[in-house]
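[1] With the sequence up front, the predicted model follows.
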Protein chains: 2
Amino acid sequence: MGKLQEVRNKQVIFRDYIESSTRFPIESDFVISTENTIHLEVPKGSNGVLVKNLHLSCDPYMYILMMNIKVPQSLDVFAPYTPGSVITGCGVAKILDSGHPNFKKGDLVWGITGWEEYSLITKPEELFKIDHTDVPLSYYTGILGMPGVTAYFGFHEVCAPKKGEYVFVSAAVGAVGQLVGQFAKLMGCYVVGSAGSQEKVELLKNKFGFDAAFNYKEEHNLDAALKRCFPEGIDIYFDNVGGKMLDAVLLNMRNHGRIALCGMITQYNILEQPEGVNNLINLLTRRVRMQGFAALDYYPFYSKFLESVLPYIREGKIVSIEDVAQGLESGPSAFVGLFSGRNVGKQVVAIAHN
Amino acid sequence: MGKLQEVRNKQVIFRDYIESSTRFPIESDFVISTENTIHLEVPKGSNGVLVKNLHLSCDPYMYILMMNIKVPQSLDVFAPYTPGSVITGCGVAKILDSGHPNFKKGDLVWGITGWEEYSLITKPEELFKIDHTDVPLSYYTGILGMPGVTAYFGFHEVCAPKKGEYVFVSAAVGAVGQLVGQFAKLMGCYVVGSAGSQEKVELLKNKFGFDAAFNYKEEHNLDAALKRCFPEGIDIYFDNVGGKMLDAVLLNMRNHGRIALCGMITQYNILEQPEGVNNLINLLTRRVRMQGFAALDYYPFYSKFLESVLPYIREGKIVSIEDVAQGLESGPSAFVGLFSGRNVGKQVVAIAHN
């Protein structure tokens, strides 16, 4: 059994389901617990890894897991959280002990981990080893992690862009949106983004190089705003919000346009009685393709993604903005802020520096 | 100027727009006119063709043209009819006189023509010449015409089917639906169809070889009906109706499923305030592709289509049911019947035999 080093393990505990799905998450859906301890070694015979968590990622999909939605087995990536247990999410971590041949002490990894100081990960084969550390480690929660994979393959594969096409991105300062817009500019597209504040609109135009941007909260008619930005119509819509914006976009699509459904953050709180989308007939008359997708389907191509994106980062051709909250205790507040758009850029929680 | 043969030209005239789009077409939207005459020769210097119309096709999309919907130029295939003028649609015709090098007197063609005894077609390059006459000529309004192209490419290209997949077809006895189901069976799929009467349900099972079928009018819960027919979920939905059926299907799609949007006959009468589709979030969580398409995008591949489908017809591997109304005067009634599902199979109007 050896001399096991046992330490306190601070955790973010999920309190209970949002039963009616009629509200967004609030901080009191979570409890910070300091009651648990952990042995900093992998149990004998296990092929898991014991990690120290460094950065945690706040992602909108985690809200879905807070509702007790019965999901078919085929949707087990959306299996709900367990009340009273630590929540999980993407993160960057350092391996302290390994029972798995692919990992050794000191390796850096990213993938699904717990919102806690230390985690025992029992399926380490689902982790990605971090080989490139000349970029900030937190990037592996964003531009080089799940949101990066989402943006890269969602845009290049699902949207099948061509040079010169008209591209619209909603929630465009978010972790995924800011990257999609930059990928689109690199392709030679005309790119417009929407966001929820004047500050974000300025970022889109001045930091991320969008051709134009608008604050959706200041537009009383989204259809008119889109017609103003896209007098020729929209070829590609990268949808991070769903709902009314999607409905307005449907009125402005060009023939043979493509819509990538990446997120429906406006709809997650009304899953049981979502807003109706009324203009679907335009998919038919304009022969538009609309496709839902998920990053995990593209994880097998992660190395191809890195080969393409790392040089862009090193050459400054793609930039990334992060909103970093300090300390595990700030996690619930940081996560909750996603749903009011409080974050500016990718929301990260830094819980340890090494 | 020559000796021009001038004859009476009976026509179906469009009376006026259905302004509010709050109702389906009715017979009195049309007038049968015997006032006009036509010279049975192509005007000197024209490269058009003068045809005698033999069979006219009743297609749901024609209803869209009866509403005065302002369409962008990119949607000019949906340019509305002109009040007081003859309506147009797909048909089979015989060339009486030609100013175009590709056509000569006696040739049989199919394509867009007028609902009248004789038509002067000024863009004959958009017509298809009929080379195979060992099958009924009326087939070129259905299985070998626009609905056939729609079914073939909509299923094989848009739905990208694989052997053994679960396929659902709505309006399954219709001109397109009956073919989609048979193509799906030939691919080795499991196929279920919906229709609006017990007679049609029997046809689906006994004539077209569907694995199962249900009468949507007798199901008070479409979601439950689909779960009964597809306990494992649906891989492919070929949507001919839109609206509530589409919404119920969205709850039953499997991961990576495909939905081909071919028609939204339930929605055409409420275009200005269509029914909301509430379950789009399932496109995202299940990573489903939904795509509108139109036959005309596949017309360049018509010869490939014929090569594939003609042998199936000759070998009896694909059958087709037509509902043939006799005489131009029966045209309005036959067309109007589409919207109450009165037709059984492809609705054709036979106006001349040769």
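    Thanks, I have the structure now.
[2] contacts, neighbours, all on C-alpha from now
    Noted.
[3] buried ones in stretch A:39-58?
    A:39-43, A:47-58 (16 or more other C-alpha atoms under 10 Å in any protein chain shown).
[4] Is there a neighbour count for the closest residue to residue A:240 other than its chain neighbours? I'd like the number.
    Once flanking residues are discounted, residue A:240 sits nearest to residue A:263: 4.2 Å by C-alpha to C-alpha, 6 or more residues apart in numbering or on different chains. Look at residue A:263: counted by other C-alpha atoms under 10 Å in any protein chain shown, it has 24 neighbours.
[5] what residues are up against residue A:263?
    A:61, A:239-242, B:284 (C-alpha atoms under 8 Å, 6 or more residues apart in numbering or on different chains).
[6] now it: how far from residue A:172?
    Distance, residue A:263 to residue A:172, using C-alpha to C-alpha, to the nearest Å: 12 Å.
[7] still on that earlier bit, just to be sure, which of the buried residues of stretch A:39-58 are found in strands?
    Those of the buried residues of stretch A:39-58 mapping onto strands are A:39, A:49-57, per DSSP state E.
[8] can you put those in a markdown table and add distance to residue A:32 and pLDDT?
    Shown next, in a markdown table, are those (distance: C-alpha to C-alpha, whole Å; pLDDT from 0 to 100):
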| residue | distance to residue A:32 | pLDDT |
| --- | --- | --- |
| A:39 | 20 | 94 |
| A:49 | 24 | 98 |
| A:50 | 21 | 97 |
| A:51 | 19 | 98 |
| A:52 | 17 | 98 |
| A:53 | 16 | 98 |
| A:54 | 17 | 98 |
| A:55 | 17 | 98 |
| A:56 | 15 | 98 |
| A:57 | 17 | 96 |
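[9] what would those residues look like in JSON lines with distance to chain B?
    Below are those laid out as JSON lines (distance: C-alpha to the nearest C-alpha, whole Å):
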{"residue": "A:39", "distance to chain B": "37"}
{"residue": "A:49", "distance to chain B": "30"}
{"residue": "A:50", "distance to chain B": "31"}
{"residue": "A:51", "distance to chain B": "30"}
{"residue": "A:52", "distance to chain B": "31"}
{"residue": "A:53", "distance to chain B": "28"}
{"residue": "A:54", "distance to chain B": "29"}
{"residue": "A:55", "distance to chain B": "26"}
{"residue": "A:56", "distance to chain B": "23"}
{"residue": "A:57", "distance to chain B": "20"}
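[10] Quick check: next helix or strand after the longest helix along chain A?
    Across chain A, the helix with the greatest residue count (assigned by DSSP state H) is helix A:302-314. Proceeding C-terminally, helix A:302-314 gives way to strand A:322-326 as the next helix or strand, assigned by DSSP states H and E.
[11] can you pull the contacts of residue A:35?
    A:8-10.
[12] what's the angle from the strand ranked longest in chain A to strand A:49-57?
    Counting by DSSP E, the longest strand found in chain A is strand A:88-98. Strand A:88-98 runs at 150 degrees relative to strand A:49-57, counting by axes from the mean of the first three to the mean of the last three C-alpha atoms, to 10 degrees.
[13] residues near residue A:101, how many?
    Neighbour tally, residue A:101, other C-alpha under 10 Å: 10.
[14] Excluding chain neighbours, what is closest to residue A:150?
    Spatial nearest neighbour of residue A:150, excluding adjacent residues (C-alpha to C-alpha, 6+ apart): residue A:295 at 4.7 Å.
[15] Run a quick neighbour tally on the one you found.
    With other C-alpha under 10 Å as criterion, residue A:295 counts 19.
[16] and residue A:226, what is it in contact with?
    A:248-249, A:252.
[17] Residue B:102: which of the residues you listed is nearest?
    Proximity of these to residue B:102 (C-alpha to C-alpha) peaks at residue A:252, which lies at 39.0 Å.
[18] wait, doesn't the closest one sit right on residue A:227?
    Yes - between residue A:252 and residue A:227 there is a contact under C-alpha atoms under 8 Å: 7.0 Å.
[19] The longest strand of chain A - contacts with which helices or strands?
    The contact analysis (3 or more C-alpha pairs under 8 Å, 6 or more residues apart in numbering or on different chains; DSSP states H and E) places strand A:88-98 against strand A:49-57, strand A:108-114.
[20] Output these in CSV, with distance to residue A:34 appended to each entry.
    What follows is the helices and strands packed on strand A:88-98, written out as CSV (distance: least, C-alpha to C-alpha, whole Å):
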stretch, distance to residue A:34
strand A:49-57, 16
strand A:108-114, 14
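[21] coming back round to it: tell me which strands and helices the longest helix of chain A is in contact with?
    Using 3+ C-alpha pairs under 8 Å, 6+ apart: helix A:302-314 touches helix A:146-153.
[22] shaky segments in the stretch 51-200 of chain A?
    Residues of the stretch 51-200 of chain A that meet the criterion pLDDT under 70 lie in A:70-77.
[23] Please enumerate the strands of it.
    Using DSSP state E, counting those that start in this stretch, the strands found in the stretch 51-200 of chain A span residues A:88-98, A:108-114, A:118-121, A:128-129, A:166-169, A:190-195.
[24] Okay, now the sheet partners of the fifth one, with direction.
    When pairs are called by DSSP bridges, strand A:166-169 turns out to pair with strand A:190-195 (parallel), strand A:234-239 (parallel).
[25] which residues sit against the first one?
    Residues from elsewhere that reach strand A:190-195 (C-alpha under 8 Å, 6+ apart): A:164-173, A:181, A:184-185, A:201, A:204, A:210-216, A:229.
[26] Select only the buried ones of those residues in ChimeraX?
    The buried residues among those can be selected in ChimeraX (16+ other C-alpha under 10 Å) with this line:
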select /A:165,166,167,168,169,170,171,172,173,181,184,185,201,204,210,211,212,213,214,215,216,229
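[27] Tell me which of the contacts of strand A:190-195 fall in helices.
    Using DSSP H, the subset of the contacts of strand A:190-195 located in helices is A:181, A:184-185, A:201, A:204, A:229.
[28] closest to chain B among those residues?
    The closest of the ones in helices among the contacts of strand A:190-195 to chain B turns out to be residue A:229 (C-alpha to the nearest C-alpha; 16.5 Å).
[29] In three-state terms, label the residue nearest to residue A:240 for me.
    coil (DSSP: H, G, I helix; E, B strand; the rest coil).
[30] and it, how far is that from residue B:287?
    For residue A:263, the distance to residue B:287 equals 11 Å [C-alpha to C-alpha].
[31] For my notes, please list the contacts of residue A:35 in TSV and give pLDDT for each entry.
    Formatted as TSV, these follow (pLDDT from 0 to 100):
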residue	pLDDT
A:8	96
A:9	97
A:10	98
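[32] Let's see if you can find the most crowded of the residues you listed.
    Neighbour-wise, the contacts of residue A:35 (other C-alpha under 10 Å) top out at residue A:10, 20 neighbours.
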